[in-house]
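> quick one: sequence and predicted model below, then my questions.
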Amino acid sequence: MKGIFALTPLVAALVLAGCGGGGSSGGGGSSNNGGGSSGTALKGAAVKGPLANAAVSLYAADPNQPDGLGELLDRGDTNGSAAFSGVSVPDGTTGTVIVEVVADADTIDLTTGQAPVISRLLSVSTAEGIANGQTNYPTPLSTLALQLALKNADSPDGGFAGNDDGNVSQDEWLQALGIAQQKVKSALGFDLLGDDVDLFSSPPLITSADDDQAKVVQLRTAVEAVSALAAELAKKAKEANAASEESADSMFSALLQDFSDGTIDGQSDGQALNAFSDIPNLATEVTQDPSMLVIPGTDGVTVGQANTVVAGETADTGQSGVDTSTASATTADPAPAKVESDLDGDGEPDSTDPDIDGDGVLNADDPAPGNPDRDDDGVVDGDDAFPDDPEETADTDGDGVGDNADTFPEDETETVDSDGDGVGDNADVFPNDPEETADTDGDGVGDNADVFPEDGNETVDSDGDGIGDNADVFPNDPEETADTDGDGVGDNADAFPEDETETVDSDGDGAGDNTDAFPNDPGEMTDTDGDGVGDNADPFPENPDESVDSDGDGVGDNSDAFPDDATESEDADGDGFGDNVADPDPTDPCVPSTTVSACTGTTVEAVWGETKWNQANWQ
């Protein structure tokens, strides 16, 4: 939806209601005539002075119809206090509605006690707003704004955003209402009406003790100034031409037509308006000091004294108990009207201003040339990085995401921190894990959880020995990490870490138990001849028949005839005397003794004695 210049309360409601269309669910154009409608009563009053006993009609708004009047929804009037009476919005009605107030023979302006000088007033509201208790106040200013919107809603010029296709869309209509209101306040608001004043819904009379009486006085002063200006133009016409039949009412109608293009120049659609034919200098009359103009129908009360009118009429409007001291003390100082609107107040009339709304965007490039802040976020479009987003105004890092939504507004590389860990998703390898942000070694495990954050091959050290599980042959044993020989025993516990056949050296002799013939004897490790005696203790390590040499003569005891006699080892003739020394004739058993059995041939029975035995003979 296109923006509006200033989102006053009622226009904001118009924007919201506009999304729902217009019209009524019932009625078919029939009138309820102030009595029996089922709906929400219209609240407010028609004011150019408060108008009592005037006819009131409520229509569904149709900007493609004359005066925007679509289906007639209800009729009623204003009561003796000028308040709407008997007029309701039928249940089911949605969208914009137009309030028309027409003076008849019984209508009285409570300010003057006379017939009103302006006979027809218009305003616009929404069915939704009325249902929520919103009031409506048709005045000369609201009438000007409504007619200006109707005339220009389809136009692409003068700050409006129509497409000139001959049909007014809902978007065009709502945008036009906002722009038209601002144009009226700019040219004919006499510098009294700020953005907080809504020409359609702000009260121009005191309605309760809660009213901002100073604002009421300012709005009412502008209302009376427009009426007084119309009356003054009629007076000037008669002064110039006694036959002139112009009245304040006809002059106001002429102003409506003249200002339909946003400029008061005596013309409408390029044609001169007859009502102004007797006004020699229309611009001069329009831009005179309004404060000294007399409020029509009063006995010399000037526009500058409108505060006294506001304070004094409360008895007639049913608010006699309200303290009006603020209104009485508020003196409005209206500035002269302008013959052309100046939306941005820069002194350049809208017709020649290249940036009509002063938002820093040229009209030709502006999608809403009459609206300086189309998203109504308080920042003009030219300074707003997101002119259509009321939630955003700036993009400090220029990354296309507004600062409010950007978690990193000064970092153009980052906008989101999904896991809230302070590292943007673009730089966060684990954007949904608040515990992790980096994976230095690229192994898929975050540095915080990775015991080896710079080693792509390792992430876990189950046994805490400093070696990752992938490289640790014994990942659950803190005492072991490697098995060099692959024998299933860790190098630290393996006495032979490079020998797959050995792991233990029980006796610590340097020979593994598997190859140590004497694994528990540190003095032995081999038994070459397999006789059960280790080579180190076996004098004859390669002779399985010998393992002892008691007399150390180099002949094993098993082969030594004299194992305890180092001088003898053989007894060839078996006579008991060694061949080396004791037996002079080792071939003769009777030498050196003839008594030995070897000589005599007598076998001596072996008997036990206390002497040691020599071979088979006990001695």
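On my side now, so go ahead. Note that the coordinates shown come from a computational prediction; the quantities given were computed from them, not determined experimentally.
> check the protein for its longest helix and report it.
Among all segments of the chain classified by DSSP state H, the helix with the greatest residue count is helix 213-240.
> off-centre distance for the next helix or strand after that helix?
Next along the chain after helix 213-240, taking DSSP states H and E as the criterion, comes helix 248-258. With CA atoms, centre = their mean, to the nearest Å as the basis, the distance from the averaged C-alpha position of helix 248-258 to the chain average is 52 Å.
> what mean pLDDT does helix 248-258 have?
Predicted confidence along helix 248-258 averages 95 (mean pLDDT).
> and if you look at stretch 548-562?
What stretch 548-562 shows for mean pLDDT is 92.
> so who does Thr107 touch?
For Thr107, the contact set (CB atoms under 8 Å, 6 or more residues apart in numbering) comprises Leu51, Ala52, Asn53, Ala54, Ala55, Thr78, Ala115, Pro116. Every C-beta, even on glycine, is put in place using the N, C-alpha and C of the backbone.
> worst mean pLDDT across the helices and strands of the chain, which element?
The element with the least model confidence among the helices and strands of the chain, by mean pLDDT, DSSP states H and E, is helix 9-18, at a mean of 51.
> before we move on, back to that, in the longest helix of the chain, what counts as buried?
Buried residues in helix 213-240, counted by 16 or more other CB atoms under 10 Å: 213, 215-237.
> what about stretch 482-502, how long is it end to end?
Its first and final residues considered, stretch 482-502 spans 15 Å by CA to CA, to the nearest Å.
> got the residue ranges for the strands in the chain?
When assigned using DSSP state E, the strands of the chain occupy the ranges 39-41, 43-44, 51-52, 55-61, 69-78, 84-85, 88-90, 96-102, 108-109, 120-126, 135-136, 267-268, 271-272.
> list the helices and strands the longest one packs on?
Packed against strand 69-78, as judged by 3 or more CB pairs under 8 Å, 6 or more residues apart in numbering; DSSP states H and E, are the following elements: strand 55-61, strand 84-85, strand 88-90, strand 96-102.
> ok and that strand relative to strand 96-102, angle-wise?
In this structure, strand 69-78 runs at an angle of 50 degrees to strand 96-102, with axes from the mean of the first three to the mean of the last three CA atoms, to 10 degrees as the basis.
> mean confidence score for strand 69-78?
For strand 69-78, the mean pLDDT works out to 97.
> so how far is it off the chain centroid?
Centroid displacement of strand 69-78 relative to its chain, using CA atoms, centre = their mean, is 46 Å.
> do the last one as well
Here strand 271-272 shows a centroid-to-chain-centroid distance of 56 Å under the convention CA atoms, centre = their mean.
> for it, give the mean pLDDT please.
Average pLDDT, strand 271-272: 94.
> what strands flank it, and is each parallel or antiparallel?
strand 267-268 (antiparallel) (DSSP bridges).
> where does the closest residue to Thr484 other than its chain neighbours fall, phi/psi-wise?
Setting aside the residues directly before and after it, Thr484 is nearest to Pro497 in space (CB to CB, 6 or more residues apart in numbering), at 4.8 Å. The phi and psi values for Pro497, taken as degrees, to the nearest 10, are phi -60, psi -10.
> kindly state the pLDDT recorded for Pro497?
At Pro497, the predicted lDDT confidence score is 95.
> coming back round to it: quick one: which of the strands of the chain is nearest Asp531?
Each of the strands of the chain has some distance to Asp531 by CB to CB; the shortest is strand 120-126, at 122.1 Å.
> and the contacts of the closest one?
Counting contacts by CB under 8 Å, 6+ apart, the residues outside strand 120-126 that touch it are 10, 13-14, 16-17, 46-48, 51, 61, 67-68, 95-103, 134, 136-140, 142-143, 146-147, 177, 199-201.
> now the buried members of the contacts of Thr107.
Judged by neighbour count, with 16+ other CB under 10 Å as the criterion, the buried members of those are Leu51, Ala52, Asn53, Ala54, Ala55, Thr78, Ala115, Pro116.
> report the contact partners of the residue positioned nearest the centre of the chain.
Of all residues in the chain, the one closest to the mean position by CA atoms, centre = their mean is Ala405, 3.9 Å from it. Ala405 sits next to Glu391, Glu392, Thr415 when contact means CB under 8 Å, 6+ apart.
> list the contacts for the closest residue to the second one other than its chain neighbours?
Of all residues beyond its chain neighbours, the one nearest Glu392 is Gly402 (2.8 Å), with distances taken as CB to CB, 6+ apart. Counting by CB under 8 Å, 6+ apart, Gly402 touches Ala385, Phe386, Asp389, Glu391, Glu392, Thr393, Ala394, Asp395.
> the third one: neighbour count?
Neighbour count of Asp389, defined by other CB atoms under 10 Å: 14.
> so it versus Gly601, what's the distance?
Relative to Gly601, Asp389 is positioned 140 Å away (criterion: CB to CB, to the nearest Å).
> what's the answer for the first one, then?
Taking CB to CB as the measure, Ala385 falls 139 Å from Gly601.
> who's more crowded, those two?
The neighbour comparison of Ala385 against Gly601 (other CB under 10 Å) goes to Ala385, with 17 against 7.
> okay but the more buried one is in contact with Thr393, surely?
Yes: taking contact to mean CB atoms under 8 Å, the distance of 6.4 Å between Ala385 and Thr393 places them in contact.
> any weak-confidence spans in this structure?
Under the criterion pLDDT under 70, the flagged ranges of the chain are 1-37, 603-619.
> my guess is Ser247 meets Ala234, correct?
Yes: counting by CB under 8 Å, Ala234 is a contact partner of Ser247 at 5.2 Å.
> hmm, Ser291 is touching Gly304, no?
Yes: Ser291 is in contact with Gly304 according to CB under 8 Å; the separation is 3.5 Å.
> what touches both of those two?
For the pair Ser291 and Gly304, residues contacting each of them under the criterion CB under 8 Å, 6+ apart are Asp333, Pro334.
> picking that back up, could the helices and strands packed on strand 69-78 be laid out in JSON lines, adding distance to Asp529?
Conversion of the helices and strands packed on strand 69-78 to JSON lines gives the following (distance: least, CB to CB, whole Å):
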{"stretch": "strand 55-61", "distance to Asp529": "127"}
{"stretch": "strand 84-85", "distance to Asp529": "135"}
{"stretch": "strand 88-90", "distance to Asp529": "127"}
{"stretch": "strand 96-102", "distance to Asp529": "124"}
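> in this protein, which spans are helices?
Along the chain, the segments classed as helices by DSSP H run 9-18, 127-131, 140-152, 170-188, 213-240, 248-258, 282-286, 306-312, 325-329, 597-600.
> quick one: the third one to chain centroid distance?
When distances are taken as CA atoms, centre = their mean, helix 140-152 is centred 40 Å away from the chain's centroid.
> show me what it is packed against.
Taking 3+ CB pairs under 8 Å, 6+ apart as the contact definition, the neighbouring helices and strands of helix 140-152 are strand 120-126, helix 170-188, helix 213-240, helix 248-258.
> which other helices and strands contact the third one?
Just to be clear, that refers to helix 213-240. With contacts defined as 3+ CB pairs under 8 Å, 6+ apart, the packing partners of helix 213-240 are helix 140-152, helix 170-188, helix 248-258, helix 282-286, helix 306-312, helix 325-329.
> wait, doesn't Ala187 sit right on Ile264?
Yes: applying CB under 8 Å, one finds Ala187 in contact with Ile264, separated by 7.2 Å.
> what touches both of those two?
With contacts defined as CB under 8 Å, 6+ apart, the residues shared by Ala187 and Ile264 are Ala337, Val339, Glu340.
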